[in-house]
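>>> could you work out the structure for the sequence below:
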Amino acid sequence: KNLLLYSGGRSPLREYIKVSDLLDECIDLTQARFSGYNVSIPRSFRCSHDVALTADPVQLQGIFTNILNNSYESFRNKSGIIKITVSKGSDDLLKITFADNGSGIDREKLRHMFEPFYSTKTSGTGLGLTLCKQIIELHNGRIDVASLPGKGTTVTIYLPFDGKERI
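This is a model prediction of the structure:
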């Protein structure tokens with residue numbers, strides 16, 4: 001499925017989506033998948049809780065779920081925290097940050113994480129983060145990752161935002 005998506009690179013089917021509702025849906029899906037884990041996912045909105053974007057909800061759901069899945073998989077003892085923060089960034093961008101206290105990623109692996117077919121996992125295609133980056137760029141946004149081994153990883157997504165909080 002990921003390979004087909006990667007090779008297709010379809011344009012986003014845009015509609016107004018409420019960010020908090022989409023995040024809640026992704027959190028529910030991920031918590032169900034990792035039901036044996038003890039993970040806290042606090043959310044902080046430094047803007048209106050009703051903030052909406054014009055974006056493809058299916059594609060953004062895939063991105064958010066992939067990031068959450070990666071965070072869960074980084075918890076060696078099956079417990080941890082994933083802090084999600086939504087705020088208005090500069091240049092009319094909405095900033096969505098996922099910060100976990102998992103195992104982290106060393107600098108060398110971090111340099112390659114968006115390369116197709118690169119993975120440090122024993123399963124998967126190595127296309128998850130490549131697709132995330134591709135989809136975010138199709139939405140005229142960007143993704144940044146910072147990580148320290150043993151401390152955790154922070155993934156920040158910037159997406160265009162018209163400044164209006166509407167549903």
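
>>> can you give me the helices in the protein?
Along the chain, the stretches classed as helices by DSSP state H are 2-8, 19-33, 57-73, 107-112, 128-138.

>>> now mean pLDDT too, for those, in CSV please.
As requested, the helices of the chain are exported to CSV (pLDDT from 0 to 100):
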stretch, mean pLDDT
helix 2-8, 43
helix 19-33, 95
helix 57-73, 93
helix 107-112, 86
helix 128-138, 87
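
>>> can you put those helices in TSV and add distance to Ala99?
For every residue, glycine as well, the C-beta is placed using N, CA and C. Formatted as TSV, the helices of the chain follow (distance: least, Cβ to Cβ, whole Å):
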stretch	distance to Ala99
helix 2-8	25
helix 19-33	14
helix 57-73	9
helix 107-112	15
helix 128-138	16
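
>>> of those, which is nearest Ala146?
Ala146 sits nearest to helix 107-112 of all those, at 8.2 Å, using Cβ to Cβ.

>>> how far is the closest one from where the chain is centred?
From the chain centre to the centre of helix 107-112 is a distance of 18 Å (Cα atoms, centre = their mean, to the nearest Å).

>>> also stretch 88-105?
Mean C-alpha position of stretch 88-105 versus that of the full chain (Cα atoms, centre = their mean) differs by 8 Å.

>>> same check on stretch 21-29?
Put simply, stretch 21-29 sits 11 Å off its chain's centre (Cα atoms, centre = their mean).

>>> number of residues surrounding the closest residue to Ser44 other than its chain neighbours?
Spatial nearest neighbour of Ser44, excluding adjacent residues (Cβ to Cβ, 6 or more residues apart in numbering): Thr85 at 4.7 Å. Thr85 has 16 neighbours, counted by other Cβ atoms under 10 Å.

>>> show the pLDDT at Thr85.
Looking at Thr85, its pLDDT is 96.

>>> nearest to Ile41, of the helices of the chain?
Among the helices of the chain, the nearest to Ile41 by Cβ to Cβ is helix 19-33 (5.5 Å).

>>> quick one: list the elements packing against the closest one.
Helix 19-33 sits against strand 43-45, helix 57-73, strand 79-88, strand 93-100, with contacts defined as 3 or more Cβ pairs under 8 Å, 6 or more residues apart in numbering; DSSP states H and E.

>>> by contact count, what packs against the last one?
Using 3+ Cβ pairs under 8 Å, 6+ apart as the contact criterion, the secondary-structure elements in contact with strand 93-100 are helix 19-33, helix 57-73, strand 79-88, strand 152-160.

>>> list the contacts of the closest residue to Thr65 other than its chain neighbours.
Spatially, and ignoring its direct neighbours in sequence, Thr65 is nearest to Cys26 (4.8 Å; Cβ to Cβ, 6+ apart). Neighbouring residues of Cys26 by Cβ atoms under 8 Å, 6 or more residues apart in numbering: Gln61, Phe64, Thr65, Leu68.
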